[in-house]
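**Q** Starting from these lines, generate the structure:
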Amino acid sequence: MKGILPELKDKSIGVILYYRFPRSTKYLIIKHRKGHWSFAKGHKEKEELAIQTAKRELDEEAGIDEVEFLSKKVLLTEKYLFINKDKMKVLKEVDYFIAGSKTNKVKIDNKEIVSYKWCTLKGAEKVLTYKQSKRILKKASIFINKKNYP
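**A** Okay, here's the model as predicted:
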């Protein structure tokens, strides 16, 4: 799809969420109703700050509201091109925050989300649907492990 000019642009805000289990750090991967495995994300509402969108989407999709963000700034961004249901090319941009969860209890929103898993990095790479999600999670794990984080 390289070289194809997009007809539409779409922007979302998401959260890469982790939880430190006794033996490993795991990431929350959710299965969206459309069938793909990814992270909690959604569109900004009027007057909402990006971090507020991230918190709201995580609460709506996974029922988790007790988190600690690594930063109040967006730490990662992914961009990709896809064809929507109307056969239009869409350039999608997702800004991600990274947060640690204070709970591993998830209550999915059955309207948008059909399932979830807590996965190690290796496990998540097997579950995530898209290559760009796998790449962004690898980058997030570097931040989480403090290798690259101030």
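
**Q** The residue positioned nearest the centre of the chain - nearest residue in space that isn't next to it in sequence?
**A** Geometric centre of the chain, nearest residue: Phe39, 2.9 Å, by C-alpha atoms, centre = their mean. Closest residue in space to Phe39, ignoring its immediate chain neighbours: Gly14 at 4.9 Å, by C-beta to C-beta, 6 or more residues apart in numbering. For every residue, glycine as well, the C-beta is placed using N, CA and C.

**Q** Count the residues that sit near that neighbour.
**A** Look at Gly14: counted by other C-beta atoms under 10 Å, it has 25 neighbours.

**Q** one step back: so the residue nearest to the centre of the chain touches Ser12, yeah?
**A** No. The criterion here is C-beta atoms under 8 Å, and Phe39 misses it with Ser12 at 10.0 Å.

**Q** re earlier: let's see the pLDDT reported for the residue nearest to Phe39.
**A** Per-residue confidence (pLDDT) for Gly14: 96.

**Q** Okay then, goodbye and thanks.
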